[in-house]
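Trainee: Fold the following for me, if possible:
(chains A and B)
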Amino acid sequence: MRMNRRQFLKAGGALLAAGALPVSVVEASFGRARPENFTFAYISDSHITHLKGSEFVRNWDRGLIRAISECNLLTPRPDFILYGGDLAQLGMPEEIDHALDLMGGLRGKVHYVMGEHDYYLDLGDHWRKRLGPDHYSFDHKGVHFVVLNSILTYDPWTHGPWDTPMARMKAMARLDNPKGSPFMVGAAQRQWLRQDLDRVNRRTPVVVVSHSPLQRIFKGWNFWTEDAEEIQALLKRFKKATVLYGHVHQIQYNQIGNISFHAVMATAWPWPYPSSYAQAESHLPKLTIEMNRADPFFERDATGWQLINLHTGKVDMHYLLPENRNRSVVFDHRLKRPIDQRYRSGADRIPPQIHF
Amino acid sequence: MGVRWSPPAGVMFVGLVASSLAPLAAPLGLPPVPIPADNPQTPAKIALGEALFNDPRFSADGQVSCATCHDPAKAFTDNLPVSKGFRDMTGTRNAPTVINSAYLRTLFWDGREPDLEGQSKQPPVNPVEGGLADHQTILRIMRNDPAYVKAIREVFQVEPAAVTLKHFAQAVASFQRTLVAGDSPFDRYFYGGDKTAMSQSAIRGLAVFTGQGRCVSCHVIEQTQALFTDNRFHNIGVGFKHIRGKEEEIAARFLAAKKSGADVDVTVLTDPDASELGRFAVTENLTQVGSFKTPTLRNIDLTAPYMHDGSLQTLEDVVEFYDHGGRLDLDDPLSGFLSGGIRPLGLSDEQEADLIAFLKSLTSPNVAGTPSSALASQ
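Mentor: The predicted structure follows:
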């Protein structure tokens, strides 16, 4: 089908709206007399994997490098960057150090989240040594941000009996592991969170950032946080609450009561992916349920990063997806839930996944 | 009056049909030529378009026609790294062949025009190409040259005063849609069933092309036709060396200029740094920084030098560039924006030689030009 010039320009304009830098933020205010707009970037799940010596898996390195290169071009600059966890694949100091070397090329202040792949080798020691506490909060232009370590689990599982720390790491990294254990924030952090939020006015927009979803989606892959509902209960009194999470390597969004949920993309690989991708030596974890993806040739397809607008105190997600169409999921104030800007209408909806 | 009306040597003319909707018949290996409903092919329009294509008066010094950079004797390229415009001004990009451009879904290396009709309007008024201040010169000549007046009356049924740039663009596009060439040794081997049409080396090269070389993922071969392009945009690493460390400044400066009204066509051809932004300059999509349109590979042996900036002289260099995962010299930096399809290939010397033999089998008969090996030794 050929388009005439006018149709082309029209289509081009639509692409531009969804694909261009979403930097012209709407002038709207939130937080009572604090009319401040801002954006931040979000990079996650790079899974930097050590092979031997100074060798790392090239593909994962390139994914993180690409996200950093693109992020550095944002004009105007985002106020800060969130890194959503899983810098490393098996928690090794070499992996965390190499990932942070690459992250050193990123312009701007970065707030880091702990992922299970950063944690279960040394229970987060090296990560904390390099990056500081694994849960904390900060305020930015009238928005209260909370970062949680949501990938803890039951103490008996964590502390034994393991032949080696690496055996524990690999057990937690494995999908569909019948001897796995669910993620959780845990009582101590929940207590800390309660006290932290006590100081925050209910009209202040709150953004909670975790590695695993603070909602229970699928236990076999730990798309799951055991005490999710208890965290949600602590957020109930806020007018504007948003949860952002990594781990799932795909676009997800949801609304539970007053809380909006958004997942972020990985820079490493997409979940799910097919065996057709394994043309050569593969460093992908073993997956028991396979689904199709758009273009196995392009290593970066179905990976990406995101730019986030907070102009109304609710989150607008702009996904930057190399080799693919960029997507935006924004909060609809009339429907009171996040809406995918491209795929909401029935005619335009992505067809359901079918095995091949 | 200096206008040539003879058909260009060496390019196959496909059959013309009266209906505006029916596609033209196509040579072996190519689909029917798509013809837009609002610009049907007629012999008179094609002849007019050819005259316009070859008319050097549409430039500031009266020396530069479309054919200057798209020379029929050079497979409709100029065999230069980057093209020379009026007064030998140079731009930033390599002139692609016009042959088979009828199939492209976007025009220019960055796809900034959607069709041939839109494309031909830009070069005459670009400051490093035709150098005209505006399109008035073209219209004045078309309205006053008796040969054009007569032809335009016949083709478009309009009087001189009513001639517009649309008539120029439509006639040139109609001519370009006749420049279709398939029937190469590859086509005869792959689609024609002639197992002797390609050498053994080229046959092995085809296997590299579709296998370990991964070329076919962008330079598409289908079951009944091969355009050797996916009509998409990819960052393969070309040109990155020149802008390394300056990407942020270049992008910011370009966006600011564009916002204040700078013309994309002028900026990317006159500013070597901005040129390297590729498709991003058109879409402002961060995932398309440094990405350029996949060119066809048909007649590639005649269209050296290669890549959007003409930076690779030989097919040997092109193959090595891909084999090294997006750089010629292994000490060169890799672009942070590199396409996910580009990675080291691990080809042997024999595989590389076979791949080149295959690329040389994509030359259509009767397309005039100089083989890349002869150009390189000049």
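
Trainee: can you pull out the helices in the stretch 251-378 of chain B?
Mentor: Secondary structure of the stretch 251-378 of chain B (DSSP state H, counting those that start in this stretch): helices at B:264-270, B:272-275, B:280-283, B:315-323, B:349-360, B:372-376.

Trainee: As a check, name the ranges of all strands in the stretch 51-200 of chain A.
Mentor: Ranges of strands within the stretch 51-200 of chain A are A:55-56, A:81-83, A:110-112, A:136-140, A:143-147, based on DSSP state E, counting those that start in this stretch.

Trainee: Of those, flag the one that's most buried.
Mentor: strand A:81-83 (a mean of 24; mean count of other C-beta atoms under 10 Å in any protein chain shown). Every C-beta, even on glycine, is put in place using the N, C-alpha and C of the backbone.

Trainee: Each with direction, which strands does that strand pair with?
Mentor: Strand A:81-83 has these partner strands in its sheet, going by DSSP bridges: strand A:39-43 (parallel), strand A:110-112 (parallel).

Trainee: Figure out which of the strands of the stretch 51-200 of chain A is closest to residue B:144.
Mentor: Residue B:144 lies closest to strand A:81-83 among these, at 61.7 Å (C-beta to C-beta).

Trainee: coming back round to it: now the strands of the stretch 51-200 of chain A as JSON lines including mean pLDDT?
Mentor: Output for those, formatted as JSON lines (pLDDT from 0 to 100):
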{"stretch": "strand A:55-56", "mean pLDDT": "96"}
{"stretch": "strand A:81-83", "mean pLDDT": "97"}
{"stretch": "strand A:110-112", "mean pLDDT": "98"}
{"stretch": "strand A:136-140", "mean pLDDT": "96"}
{"stretch": "strand A:143-147", "mean pLDDT": "97"}
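
Trainee: Select, out of the helices of the stretch 251-378 of chain B, the one closest to residue A:147.
Mentor: Nearest of the helices of the stretch 251-378 of chain B (C-beta to C-beta): helix B:280-283, 32.5 Å.

Trainee: So for the closest one, mean pLDDT?
Mentor: Averaged across helix B:280-283, the pLDDT comes to 95.

Trainee: I'd like to know which elements that helix is packed against.
Mentor: Helix B:280-283 sits against helix A:5-19, helix B:247-259, helix B:264-270, with contacts defined as 3 or more C-beta pairs under 8 Å, 6 or more residues apart in numbering or on different chains; DSSP states H and E.

Trainee: So, low pLDDT: which residues of chain B?
Mentor: For chain B, the stretches with pLDDT under 70 are B:1-25.

Trainee: Relative to chain A, how far out is the spatially most central residue of it?
Mentor: Nearest to the geometric centre of chain B sits residue B:96, at 2.9 Å (C-alpha atoms, centre = their mean). Separation of residue B:96 from chain A (C-beta to the nearest C-beta, to the nearest Å) stands at 20 Å.

Trainee: Spatially nearest residue to that residue (excluding sequence neighbours)?
Mentor: Spatial nearest neighbour of residue B:96, excluding adjacent residues (C-beta to C-beta, 6 or more residues apart in numbering or on different chains): residue B:295 at 5.7 Å.

Trainee: So the one you found sits against residue B:99, correct?
Mentor: No - Residue B:295 lies out of contact with residue B:99 (C-beta atoms under 8 Å); the separation is 11.3 Å.

Trainee: So which of those two has more stuff around it?
Mentor: residue B:99 (27 against 20; other C-beta atoms under 10 Å in any protein chain shown).

Trainee: What residues does that one make contact with?
Mentor: Each residue near residue B:99 by C-beta atoms under 8 Å, 6 or more residues apart in numbering or on different chains is listed here: B:11, B:75-76, B:179-181, B:298-299, B:364, B:367.

Trainee: Recalculate using a threshold of 7 Å.
Mentor: Each residue near residue B:99 by C-beta atoms under 7 Å, 6 or more residues apart in numbering or on different chains is listed here: B:11, B:75-76, B:179, B:181, B:298-299, B:367.

Trainee: quick one: secondary structure of it?
Mentor: Secondary structure for residue B:99, judged by DSSP: H, G, I helix; E, B strand; the rest coil, is coil.

Trainee: low-scoring stretches of chain A, by residue?
Mentor: Where chain A drops to pLDDT under 70, the residues are A:1-35, A:272-296, A:343-356.

Trainee: all helices in it, in order from the N-terminus.
Mentor: Along chain A, the stretches classed as helices by DSSP state H are A:5-19, A:58-71, A:93-103, A:116-119, A:125-131, A:155-159, A:165-173, A:187-198, A:228-235.

Trainee: possible to save the helices of the stretch 251-378 of chain B as JSON lines with mean neighbour count and distance to residue A:161?
Mentor: Below are the helices of the stretch 251-378 of chain B laid out as JSON lines (neighbours: other C-beta atoms under 10 Å in any protein chain shown; distance: least, C-beta to C-beta, whole Å):
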{"stretch": "helix B:264-270", "mean neighbour count": "20", "distance to residue A:161": "64"}
{"stretch": "helix B:272-275", "mean neighbour count": "22", "distance to residue A:161": "61"}
{"stretch": "helix B:280-283", "mean neighbour count": "23", "distance to residue A:161": "54"}
{"stretch": "helix B:315-323", "mean neighbour count": "20", "distance to residue A:161": "50"}
{"stretch": "helix B:349-360", "mean neighbour count": "20", "distance to residue A:161": "52"}
{"stretch": "helix B:372-376", "mean neighbour count": "17", "distance to residue A:161": "67"}
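
Trainee: Identify whichever of the ones you listed lies nearest to residue A:223.
Mentor: Closest approach to residue A:223 among the helices of the stretch 251-378 of chain B (C-beta to C-beta): helix B:280-283, 33.3 Å.

Trainee: and that closest one, how far from the chain's centre?
Mentor: Distance, stretch centre to chain centre, for helix B:280-283: 19 Å (C-alpha atoms, centre = their mean, to the nearest Å).

Trainee: Quick check: chain neighbours aside, which residue is closest to residue 58?
Mentor: Unless you meant another one, I'm taking chain A. Closest residue in space to residue A:58, ignoring its immediate chain neighbours: residue B:343 at 6.8 Å, by C-beta to C-beta, 6+ apart.

Trainee: Actually, chain B is the one I wanted.
Mentor: residue B:124 (4.7 Å).
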